[in-house]
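**Student:** have a look; sequence and predicted model below, questions after that.
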Amino acid sequence: MRACRPRSAAFLLVLAALVLAPAATASGNAGVAALQVALRARGLYSSTIDGFAGPATTAAVQRFQHRAGLPATGIVDSRTRRALGRYGRHLLGSRPLTRGAAGWDVAALQFMLAWHGFPSATIDGGLGVHTEKALRRFQRWAGLPVDGVAGQTTIAALRKPPATCSIPLAWPLQAALGGPFGPRGNRFHAGIDLVAPTGASVQAAAPGRVAFAGFARGGWGKLVVVVHRDGVRTLYAHLSAIDVHRGAAVETGERVGLVGATGDASGPHLHFEVRLRGAAVDPRSALP
């Protein structure tokens, strides 16, 4: 067994203790994500803020420790966190968070909000207007007082597993997965991308009624939104053509449009998003 294995295990244990929350296998660890944000701010980490302590994260920690005159162990101890400055201060839950706050706990908050379906613009450790809006939306969704303050009650709700789609769905398109639900750089991808040629048929994923069919601002391009039962909505974006109208009833497998690259898209694909009472959830939780 190589000597680096115990070091990696210790590294993960230290981070798990720092975040003071259970580490979900699928969504990563908010403490690791906060560390990645701190390292990214120092120009030492350029990979995705994904909450997983892989080789790139460990190497960035060692480079930082060497630069700070600390033993380059790759283990995030109290000296390493102090050397990180404001990005290493304040463990999640150690203080209430309001707009203007910055630090380790804010980055962890942003990461957890994103996985619960309420991403802010970037995961950067600063609680600005976008994070405050995401926080208020989550509080409303969770049935909490909507005060824009991340206190113990809000953080406890965020430590619960993220929601999943409550109804079964069919694939809207048989195509390769180009981008999964989850972190992308220092942002969060709230749906899945299915790569297919322009003009490929896009079908409704479940029975429902069309709530929107048209060109939408914000990078969506030509968009169809279908409302289903149990508070579920499905979104079909970047279409080249729309084959349904608002108010129309659709069945599973009925064509709603054609694949395209309208809006903020670098090439033809379908951006497929699922929302449960307004929270973005991983579509794959309901797909066969």
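**Tutor:** Thanks, I have it. Numbering: from 1, shown residues only.
**Student:** give me the domain ranges for the chain.
**Tutor:** Annotated domains of the chain cover 4-158, 176-285 [automatic domain parsing].
**Student:** and the strands in the chain, which stretches?
**Tutor:** With strands called from DSSP state E, the chain shows them at 176-179, 182-184, 187-189, 192-195, 201-203, 208-216, 221-227, 232-239, 241-242, 249-250, 255-258, 269-276, 279-281.
**Student:** adding mean pLDDT, write those strands out as a markdown table.
**Tutor:** Shown next, in a markdown table, are the strands of the chain (pLDDT from 0 to 100):
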| stretch | mean pLDDT |
| --- | --- |
| strand 176-179 | 93 |
| strand 182-184 | 96 |
| strand 187-189 | 97 |
| strand 192-195 | 98 |
| strand 201-203 | 98 |
| strand 208-216 | 98 |
| strand 221-227 | 98 |
| strand 232-239 | 98 |
| strand 241-242 | 98 |
| strand 249-250 | 98 |
| strand 255-258 | 98 |
| strand 269-276 | 98 |
| strand 279-281 | 98 |
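**Student:** of all those, which lies closest to Arg99?
**Tutor:** Closest approach to Arg99 among the strands of the chain (Cβ to Cβ): strand 187-189, 19.7 Å. No exception for glycine: its C-beta is placed from N, CA and C like everyone else's.
**Student:** mind listing what Tyr121 touches?
**Tutor:** You called it Tyr, but residue 121 is Ala. 128, 130, 187 (Cβ atoms under 8 Å, 6 or more residues apart in numbering).
**Student:** then Gly191?
**Tutor:** Gly191 touches 181, 235, 237, 271-274, 280, 283, counting by Cβ under 8 Å, 6+ apart.
**Student:** what's the most distant pair in those residues?
**Tutor:** Maximum pairwise distance among those (Cβ to Cβ): 13.9 Å, between Phe181 and Ala237.
**Student:** excluding its backbone neighbours, what's nearest Val259?
**Tutor:** Leaving aside its sequence neighbours, Val259 sits nearest to Ala200 (Cβ to Cβ, 6 or more residues apart in numbering; 4.2 Å).
**Student:** same question, Gly28
**Tutor:** Gly51 (2.2 Å).
**Student:** this structure: helices as residue ranges?
**Tutor:** 4-19, 30-41, 55-67, 78-83, 104-115, 129-142, 152-158 (DSSP state H).
**Student:** where are the low-confidence patches of this structure?
**Tutor:** Within the chain, the ranges that satisfy pLDDT under 70 run 1-26.
**Student:** any chance of the strands of the chain in a markdown table, with distance to Pro96 too?
**Tutor:** Shown next, in a markdown table, are the strands of the chain (distance: least, Cβ to Cβ, whole Å):
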| stretch | distance to Pro96 |
| --- | --- |
| strand 176-179 | 35 |
| strand 182-184 | 26 |
| strand 187-189 | 24 |
| strand 192-195 | 35 |
| strand 201-203 | 44 |
| strand 208-216 | 36 |
| strand 221-227 | 35 |
| strand 232-239 | 32 |
| strand 241-242 | 45 |
| strand 249-250 | 45 |
| strand 255-258 | 44 |
| strand 269-276 | 27 |
| strand 279-281 | 23 |
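**Student:** now these as a markdown table including distance to Ile75 and mean neighbour count?
**Tutor:** Shown next, in a markdown table, are the strands of the chain (distance: least, Cβ to Cβ, whole Å; neighbours: other Cβ atoms under 10 Å):
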| stretch | distance to Ile75 | mean neighbour count |
| --- | --- | --- |
| strand 176-179 | 33 | 12 |
| strand 182-184 | 24 | 19 |
| strand 187-189 | 28 | 20 |
| strand 192-195 | 35 | 20 |
| strand 201-203 | 48 | 20 |
| strand 208-216 | 47 | 16 |
| strand 221-227 | 46 | 22 |
| strand 232-239 | 43 | 24 |
| strand 241-242 | 54 | 18 |
| strand 249-250 | 54 | 16 |
| strand 255-258 | 51 | 21 |
| strand 269-276 | 39 | 24 |
| strand 279-281 | 35 | 22 |
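**Student:** which one, of those, ends up nearest to Arg79?
**Tutor:** Here strand 182-184 is closest among these (Cβ to Cβ), at 28.0 Å.
**Student:** quick one: list the elements packing against the closest one.
**Tutor:** Judged by 3 or more Cβ pairs under 8 Å, 6 or more residues apart in numbering; DSSP states H and E, the packing partners of strand 182-184 are helix 104-115, strand 187-189.
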